[in-house]
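Trainee: Need coordinates for the following:
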Amino acid sequence: MTDQTPALRLEGIVKTFPGVRALDGVSFSVMPGEVHALMGENGAGKSTLMKVLGGIYRPDEGTIVVNEKPVAMTSPLEAKANGIMFIHQELSLAGELSVAENIYLGALPRKSFGRVDWKLLYDRTDAILSQLKVPFDARTLVGDLSIANQQMVEIARALTVDAKAVIFDEPTASLTDAEKVVLFDVIADLRESGVGIIYISHRMEEIFKMTDRISVLRDGQYRGTLVTAETNEDEVTQLMIGRSLDLSRNASTHEIGEVALEVQGLSCGDLFSDVSFEVRRGEVVGFYGLVGAGRTEIAETLFGLREPTAGTILLDGKPTRINSPADAISRGISLVPEDRKGQGLVLGMNCRDNMTLPQVADLTSGPFVSNGAEVAIFDQYRDRLDIRTPGWKQMVGNLSGGNQQKIVIGKWLSMHPSVLIVDEPTRGIDVGSKSEIHNLIRDLAAHGYAVIVISSEMPEVLHVSDRIIAMYHGKIMRTFTAETVREDNLIQAISGISPEAA
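Mentor: Numbering: from 1, shown residues only. Purely as a prediction, here's the structure:
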């Protein structure tokens, strides 16, 4: 950061939506060759500020300055022309197009008479993909890629232009550990070439590993900037939420009851095999493992989204067959999916309709849905889960990630399940909302629910679980209690190392 002229500067940015002042005079800058973290709770204004910078939203007031030149970002293409690249948390790819077409969308190389130069397009794309060390090529259809590899396609877009600043919004949320290493190498190369990096993440370990400075937003206002090497997690957290958090292990203070769910020798093709475990009422059982370990696939099988090839599922001691989600719901099993926006919510519907969607057939009065019954359910769970929204008419897509997750949880709690499965409960959620979700999970167990939590974050699974099941390549390696689990033996288990070998 020897050049003292900012690569990018925002001054006094104001953005208002109906009923909400999302940004209130926010100023922010990033220097060439700097990795600058932007942090804050969900709803603090981070994504809105970056969408203003990326040309998705137009500010009501304020100025954007690139290399000391005021610019008007009226569209994403104009932002790109000014050297601003936005790597979105929510993927913005066309699944029916190839990787190359997605990366160069809007800027396809041309030959005479406007024809696409396919050879040049594929050659350029493969050169970028080799830099990212990905296991696919330019011609691969994006729709055939995993979520993690689609994220790498998003990142590849940043390497196609002479960027002044690149915005990474939760870039590692869907990546494996190996892919994270590649991403961090790409960021290091961009930094070395003088590009300013804006890094948005809720993962404190990444923030303290990657960044030079940390700026914090709270309630749409700028709250301060800290030098990363001179601060700590507690100081950043207090600046974000105005209080300290207790992130120590939770211990059960309630009685754990009878077995609600038991699984015996459950298998599903090549995804997982011979899986056996039980979950008791009042207990939180955590599933921990690397991407591809089979955790989510077990949850989907229990919820009727996949058909098992072997094994038995018992509810309250009685064997049961679950052929569909409707079967699972009727038997008291609910699933909060990993992808809350794609699978858990209808973003274009309001909060009330999202929360009552699974039971709308039971809320009819004659040929019509009972508006009063729907509002009563929404009000009950808004208060119980502390969902922050102006009212039930608010579109779910306008809520913060933490409040969206609470809507999904409330939707299933209103069905009164006995077993609640929560897959990646705090992915993409800030530290304050994460603490609230953790406390909610523990509170649900205290009220007699049998809870399964699937998480890729070790602190999370240690924090909320009474027992932890460690998985590796579709098999259960070990089951830990709160008394027997340690970070080292948990890592060994998910790496395929048996207790004897360890």
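Trainee: What distance do you get for the nearest residue to Gly282 once chain neighbours are set aside to Val419?
Mentor: What sits nearest to Gly282 in space, not counting adjacent residues and going by Cβ to Cβ, 6 or more residues apart in numbering, is Ile256, at 4.5 Å. Yep, even glycine has a C-beta here, placed from its N, CA and C like the rest. To Val419, Ile256 is 14 Å away according to Cβ to Cβ, to the nearest Å.
Trainee: thinking again about what came up before, what does the pLDDT read for the residue nearest to Gly282?
Mentor: We have a pLDDT of 90 for Ile256.
Trainee: Let's verify it: helix, strand, or coil?
Mentor: Secondary structure, DSSP: H, G, I helix; E, B strand; the rest coil: Ile256 is coil.
Trainee: neighbour count winner among Ile256 and Val419?
Mentor: Higher neighbour count among Ile256 and Val419: Val419, with 21 against 16, using other Cβ atoms under 10 Å.
Trainee: Quickly list what that one is bridged to.
Mentor: Val419 forms beta bridges with Ile333, Ala450, as assigned by DSSP bridges.
Trainee: Hmm, Val336 and it touching each other?
Mentor: No. Look at Val419 against Val336 with Cβ atoms under 8 Å: they stay out of range, at 11.7 Å.
Trainee: For the closest residue to Ser334 other than its chain neighbours, give me its contacts.
Mentor: With Cβ to Cβ, 6+ apart as the criterion, Ser334 has its nearest non-adjacent residue at 3.6 Å, and that residue is Trp412. For Trp412, the contacting residues are Ser334, Leu335, Val336, Pro358, Leu420, by Cβ atoms under 8 Å, 6 or more residues apart in numbering.
Trainee: Check for me that Ser215 belongs to a strand.
Mentor: Yes. Under three-state DSSP, Ser215 sits within a strand.
Trainee: thinking again about what came up before, phi first, then psi, for the residue nearest to Ser334.
Mentor: phi -80, psi -30 (degrees, to the nearest 10).
Trainee: Against Ser418, how distant is it?
Mentor: 11 Å.
Trainee: Repeat that for Trp118.
Mentor: Look at Trp118 and Ser418: by Cβ to Cβ, they are 56 Å apart.
Trainee: Neighbours of Val14, how many?
Mentor: 16.
Trainee: Name every strand pairing with the helix or strand hosting it and say which way it goes.
Mentor: In the assignment (DSSP states H and E), Val14 maps to strand 8-17. The strands beside strand 8-17 in its sheet (DSSP bridges) come out as strand 20-30 (antiparallel), strand 61-66 (antiparallel).
Trainee: What lies in contact with the last one?
Mentor: I take that to be strand 61-66. Residues contacting strand 61-66 (Cβ under 8 Å, 6+ apart): 6-14, 25-26, 52-53, 70-73, 82-84, 164-165.
Trainee: wait, what's in contact with the spatially closest residue to Gly257 that is not a sequence neighbour?
Mentor: With Cβ to Cβ, 6+ apart as the criterion, Gly257 has its nearest non-adjacent residue at 3.7 Å, and that residue is Arg281. Counting by Cβ under 8 Å, 6+ apart, Arg281 touches Ile256, Gly257, Glu258, Val259, Ala260, Ser418, Gly448, Tyr449, Ala450.
Trainee: any low-confidence regions in the stretch 151-300 of the chain?
Mentor: For the stretch 151-300 of the chain, applying pLDDT under 70 flags the ranges 174, 243-253.
Trainee: How are the helices of it distributed by residue range?
Mentor: Assigned by DSSP state H, counting those that start in this stretch, the helices in the stretch 151-300 of the chain fall at 177-192, 204-210, 233-241, 295-302.
Trainee: Tabulate the contacts of Trp412 in a markdown table, adding columns for pLDDT.
Mentor: Output for these, formatted as a markdown table (pLDDT from 0 to 100):
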| residue | pLDDT |
| --- | --- |
| Ser334 | 94 |
| Leu335 | 94 |
| Val336 | 91 |
| Pro358 | 85 |
| Leu420 | 95 |
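Trainee: Next one: the nearest residue to Asp219 once chain neighbours are set aside relative to His202, how far apart?
Mentor: Distances taken as Cβ to Cβ, 6+ apart place Ala44 nearest to Asp219, at 6.6 Å, with adjacent residues excluded. From Ala44 across to His202, the span is 11 Å (Cβ to Cβ).
Trainee: Okay, and the beta partners of Ile468?
Mentor: Gly286, Phe480.
Trainee: who's in contact with it?
Mentor: Val285, Gly286, Phe287, Tyr288, Val461, Leu462, Thr479, Phe480, Val485, Leu490.
Trainee: now with 7 Å?
Mentor: Applying Cβ atoms under 7 Å, 6 or more residues apart in numbering, we find Ile468 in contact with Gly286, Tyr288, Val461, Phe480, Val485, Leu490.
Trainee: now swap in His447 and tell me
Mentor: By Cβ under 7 Å, 6+ apart, His447 lies in contact with nothing.
Trainee: try Met477
Mentor: Ala470, Met471, Ala493, Ile494, Gly496.
Trainee: quick one on the thing from earlier: counting neighbours, which of the contacts of Arg281 comes out on top?
Mentor: Ala450 (28 neighbours).
Trainee: and the gap between it and Trp412?
Mentor: For Ala450 relative to Trp412 (Cβ to Cβ), the value is 13 Å.
Trainee: do the same with Leu347
Mentor: Per Cβ to Cβ, Leu347 is found 18 Å from Trp412.
Trainee: Good, we can wrap up now.
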